[in-house]
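**Student:** please work out how this folds:
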Amino acid sequence: MKLPGPSMGTKTDLDRLLEKMPVLHDPLAFGIYAEGISNLQDIFPLLRSAAGLGFSQFNVDVFTWAAERIGETNTTNVWSGNFVSESAVPLREICRFLALRILVPGAFNLAQASCLEENLRDLRKSRMEEDPDIFSHQFRQCTLFSYGSKRPPVVLTYAPEMLFFYAEKVLSFIPPRATDDGQDLLATFHSKDEFLIHIPLAGHSTASKDEESLDDSCDKSSLAALRWWYKLKASVNFSRKVGVALELSEDLPANPHIVHLWLSEPIKTVILPTGIFLTDVDDNSAYLSAAHKLLLQGFLRLKNVSVTLRPSGILTLDRLDSMQAYTEYLRGVYHESLTGMPEIPDAALFPPDQPLHTDLTEADYESFELDERKYADYEEAIRKYIVDRQGSSDVPDVFVAAVVGCGRGPLVTAAINATMSSNARIRIYALEKNPLTAGILAGKCDAEWKGCDVRVVMEDMRTWQPPEKIDLLLSEMLGGFGDNELSPECLAGPERFLSAKGVSIPETYTSYIYPISSTKLYELFPDGRLEFREHVYGFDVDCLKALDEPQPVFTFVHPSKGNNEKEYYAILKFRANAPGMLHGFAGCFTAKLYGDIEHSLLPGSDQPPGPDQPGLDQRTPGLTTWKPVFFPLATPYHLAQGQLICLHFWRRSDDHSVWYEWSLAEPSRSQVHNVDGTACRMPLNFASHNHHHC
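**Tutor:** The predicted model follows:
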């Protein structure tokens, strides 16, 4: 009889039913881009109709009511003066739905004025030419719209020459985000965006078709827009209050890396002009080309991305009603995109577990034990070892196993099951230092493991003196980087007692590093606190851009036979596969459990997401315990495609702790991050009040 797995013992029929149900994703949110509204009072019929049709954001142009005379305000109304009339607007009615779009001199959306009536088009043109402060007038008008804590986001459009002016305005509008406690930034942060930067994916090309090919022109202008965004984001200290409204155009970049770089940016909404849709000749329905649909599906797989429709022409009630056909089609595309997809994670940074230093909680153990794939692989690795020994001339009557850092015992259960399936006998020493688990392990010895030879030892594995030689040394202290839970240091003690043919599972593990571009991770740091960029973090993110393939860093083998060093050093060289922004390096690992059974956190092929390529980590299927780690750079670097990236990386230790240091040598020399472990250490002692551990 096989014992239940780590999480199966507490499963109910409801649990099993829920496992079979599809993952439920949030419904797709829609916005509508309103053009040609000359009076705030004209918003209300459209706004109510849009809300009834399921639109949650109404993107409006404040230009025509951005008069020099702003008027008076109070807590319930804003008096908005324009060139036609004055009207009192109830803020409570509109602040929940509006996004306030500012028309910017020189911005790409000036070309959209062709849909306006002649008098509005002439007004727009004359004000732009005659009023040098028109931008500031519109900006001040936007600041009047607030109701309680609600303030509509401000939409600024792509304007290359306005970068530093934008940055100045944004910084004056958003107070610095600082924290007294480093843990504050690690929590998932939710807030309404203050600014959306409306950027066309294809950029704003001024080249003629005679000068260069259409693909080259689109790629160059698209890349220019991306680089402009990088500069703007850096100029506002990577504020999370600034996100992207990315507009898809008829022309798409030919270089897929440009799209994948955008997928790694904080996209809040995708703007779809109705003009890019095709029309079915049979039923007159709207649909997207295969290329546009595939691209849109990639963006819809990101966390909390909405779709904003931009009708061609002035928005009327009739035109608004016709948008239902588009929203129904897009809901189908959204559903198709996420069918079979796991829940999409929020971008988050968190301190990696340090089980040697800090005792794990019940919640930690619950989370680990849900990883059925991991324990099934361990069970198979143990079974294979036993079968291999049974085929040799030296077969012990009873196999002796030590499960070090056993937690609540999932590896003990795996070892018992492996011996049952191979008709072997086993004696297991279950070592754990966490007093939280003592009662749980004792209870399992009297119930689930009753009749099995399991001996619980509440002791530090490094100093434990076993009463006999060990055939199997079982552990799972790998972390997201392979060695960042101090497995090499922890196993150095018990591995000395392995028998001549004894093995450690895992037998070996290798850490890997690769350069990444991910503003979504980098914007999680608080403003002006550079020391947070010298820590090592575990991370979750819906998409990041790997700028080259992972390269091995350090390999650890068990038993080590005394080969573990106090210091490890590696020089890693990469070539940027795309002209992106280097924000830091991601770390992961591979581990050989036994024979051909391996675990891997290596990412998959670096291609933009599509139906068969979700663009997320392509680790060992079903493996959920470990998250990759992030080694940030204090200063991000712009990269040209093919540019050399050279990283110096150290793993250092003293009698009290272990730490990593890293330094960039190319494309520019950086500081040594976390020098002497001043920002982040992995202590070798039990819990203390040291706040500088990772």
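
**Student:** from here on, contacts and neighbour counts on C-alpha atoms
**Tutor:** Will do.

**Student:** what mean pLDDT does stretch 365-374 get?
**Tutor:** In this model, stretch 365-374 carries a mean pLDDT of 93.

**Student:** pull out the buried positions in it.
**Tutor:** Buried residues in stretch 365-374, counted by 16 or more other Cα atoms under 10 Å: Tyr365, Phe368, Glu369, Leu370, Asp371, Glu372, Arg373, Lys374.

**Student:** which two in these are spaced the farthest apart?
**Tutor:** The distance between the two most remote of those (Cα to Cα) is 15.4 Å, for Tyr365 and Arg373.

**Student:** circling back to that earlier point, out of the buried residues of stretch 365-374, which one sits closest to Leu263?
**Tutor:** Asp371 (28.6 Å).

**Student:** pretty sure the closest one sits against Thr620.
**Tutor:** No. Here Asp371 does not reach Thr620: they are 11.6 Å apart, not a contact under Cα atoms under 8 Å.

**Student:** what helices or strands is the helix or strand harbouring Val259 leaning on?
**Tutor:** Using DSSP states H and E, Val259 maps to helix 256-263. The elements that helix 256-263 packs onto, with contact taken as 3 or more Cα pairs under 8 Å, 6 or more residues apart in numbering; DSSP states H and E, are helix 214-235, strand 545-546.

**Student:** ranking the ones you listed by mean pLDDT, which is last?
**Tutor:** helix 214-235 (a mean of 86).

**Student:** in it, what counts as buried?
**Tutor:** 214, 216-233, 235.

**Student:** list the contacts for Cys646?
**Tutor:** Cys646 makes contact with Ile571, Leu572, Lys573, Phe574, Leu664, Ala665, Glu666, Pro667, according to Cα atoms under 8 Å, 6 or more residues apart in numbering.

**Student:** please read the previous query as pertaining to Pro466.
**Tutor:** The neighbours of Pro466, taking Cα under 8 Å, 6+ apart as the test, are Phe497.

**Student:** count the neighbours of Tyr378 for me.
**Tutor:** A count of nearby residues for Tyr378, using other Cα atoms under 10 Å, gives 27.

**Student:** tell me the pLDDT of it.
**Tutor:** 97.

**Student:** residues near Arg533, how many?
**Tutor:** 21.

**Student:** and it, that's in a strand?
**Tutor:** No. Using DSSP: H, G, I helix; E, B strand; the rest coil, the assignment for Arg533 is helix, not a strand.

**Student:** thought it was touching Phe525?
**Tutor:** Yes. Between Arg533 and Phe525 there is a contact at 7.4 Å, judged by Cα under 8 Å.

**Student:** which residue sits closest to the residue positioned nearest the centre of the chain, ignoring its sequence neighbours?
**Tutor:** Residue closest to the mean C-alpha point of the chain, counted by Cα atoms, centre = their mean, is Val541 at 1.1 Å. Excluding its sequence neighbours, the residue lying closest to Val541 (Cα to Cα, 6 or more residues apart in numbering) is Ala347, at 4.2 Å.

**Student:** okay, now that neighbour: neighbour count?
**Tutor:** Residues near Ala347, counting by other Cα under 10 Å, number 22.

**Student:** how about it, what does it touch?
**Tutor:** Per Cα under 8 Å, 6+ apart, neighbours of Ala347: Thr188, Lys520, Leu521, Phe539, Asp540, Val541, Asp542.

**Student:** filter these down to just the ones in strands.
**Tutor:** Phe539, Asp540 (DSSP state E).

**Student:** show me the strands in the stretch 201-350 of the chain, by range?
**Tutor:** Along the stretch 201-350 of the chain, counting by DSSP state E, counting those that start in this stretch, strands occupy 242-247, 267-273, 278-279, 286-287, 306-310, 348-350.

**Student:** which helices and strands does the fourth one pack with?
**Tutor:** Just to be clear, that refers to strand 286-287. Checked by 3+ Cα pairs under 8 Å, 6+ apart, strand 286-287 has strand 278-279, helix 324-338 packed alongside it.

**Student:** mind checking how far His292 is from Leu248?
**Tutor:** 8 Å (Cα to Cα, to the nearest Å).

**Student:** just Val541 next, same as before
**Tutor:** For Val541 relative to Leu248 (Cα to Cα), the value is 23 Å.

**Student:** over to Gly275?
**Tutor:** 11 Å.

**Student:** who's more crowded, the two?
**Tutor:** Taking other Cα under 10 Å, Gly275 and Leu248 do not tie; Leu248 has more neighbours (20 against 11).

**Student:** that one against Ala202, yeah?
**Tutor:** Yes. Contact criterion Cα under 8 Å: Leu248 and Ala202 qualify, at 7.3 Å.

**Student:** need the outlier residue of this structure, farthest from its centre.
**Tutor:** Quick read of the chain (Cα atoms, centre = their mean): farthest out is Ser393, 51.9 Å.

**Student:** hang on, the earlier thing: now for the helices and strands packed on helix 256-263, which one comes closest to Ile470?
**Tutor:** strand 545-546 (42.0 Å).

**Student:** what's next to the closest one, contact-wise?
**Tutor:** Outside strand 545-546, the residues within contact range by Cα under 8 Å, 6+ apart are His260, Leu261, Leu263, Ser264, Tyr514, Pro515, Ile516, Ser517, Ser518, Asp606.

**Student:** again, 6 Å this time
**Tutor:** The list of residues contacting strand 545-546 from outside it, by Cα atoms under 6 Å, 6 or more residues apart in numbering, reads Leu261, Ser264, Ile516, Ser517.

**Student:** low-confidence stretches in the stretch 201-350 of the chain?
**Tutor:** 205-217 (pLDDT under 70).

**Student:** cutoff 80 now
**Tutor:** 204-218, 313, 340-343 (pLDDT under 80).

**Student:** on the three-state scheme, Tyr385 is what?
**Tutor:** Classified using three-state DSSP, Tyr385 is helix.

**Student:** pLDDT at His692, what is it?
**Tutor:** pLDDT, His692: 50.

**Student:** same check on Glu130?
**Tutor:** 68.

**Student:** and the closest residue to Leu252 other than its chain neighbours, how many neighbours?
**Tutor:** In space, and not counting its chain neighbours, Leu252 is closest to Ala202: 6.1 Å by Cα to Cα, 6+ apart. The local packing of Ala202 (other Cα under 10 Å) involves 24 other residues.

**Student:** pull out the buried positions in stretch 277-297.
**Tutor:** Quick answer for stretch 277-297 (16+ other Cα under 10 Å): Phe277, Ala286, Tyr287, Leu288, His292, Lys293, Leu294, Leu295, Leu296, Gln297.

**Student:** of all those residues, which comes closest to Ala492?
**Tutor:** Gln297 (48.7 Å).

**Student:** ok, now which ones touch that closest one?
**Tutor:** Gln297 touches Ser337, counting by Cα under 6 Å, 6+ apart.

**Student:** gap between it and Arg331?
**Tutor:** Gln297 is 11 Å from Arg331, by Cα to Cα.

**Student:** ditto for Ser136
**Tutor:** 38 Å.

**Student:** convert the C-alpha atoms of stretch 140-153 to PDB, please.
**Tutor:** This file holds the C-alpha atoms of stretch 140-153, laid out as PDB (Å, rounded to 0.1, in the frame of the first residue of the first chain):
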ATOM      1  CA  ARG A 140      -3.500  72.300 -14.500                       C
ATOM      2  CA  GLN A 141      -7.000  71.400 -15.700                       C
ATOM      3  CA  CYS A 142      -6.300  67.800 -15.000                       C
ATOM      4  CA  THR A 143      -5.300  68.500 -11.400                       C
ATOM      5  CA  LEU A 144      -8.800  69.800 -10.700                       C
ATOM      6  CA  PHE A 145     -10.400  66.400 -11.200                       C
ATOM      7  CA  SER A 146     -10.300  64.600  -7.900                       C
ATOM      8  CA  TYR A 147     -12.900  63.100  -5.600                       C
ATOM      9  CA  GLY A 148     -11.700  61.800  -2.300                       C
ATOM     10  CA  SER A 149      -8.800  59.500  -3.100                       C
ATOM     11  CA  LYS A 150      -9.900  59.100  -6.700                       C
ATOM     12  CA  ARG A 151      -8.100  61.000  -9.400                       C
ATOM     13  CA  PRO A 152      -8.300  60.100 -13.100                       C
ATOM     14  CA  PRO A 153      -5.000  59.000 -14.800                       C
END
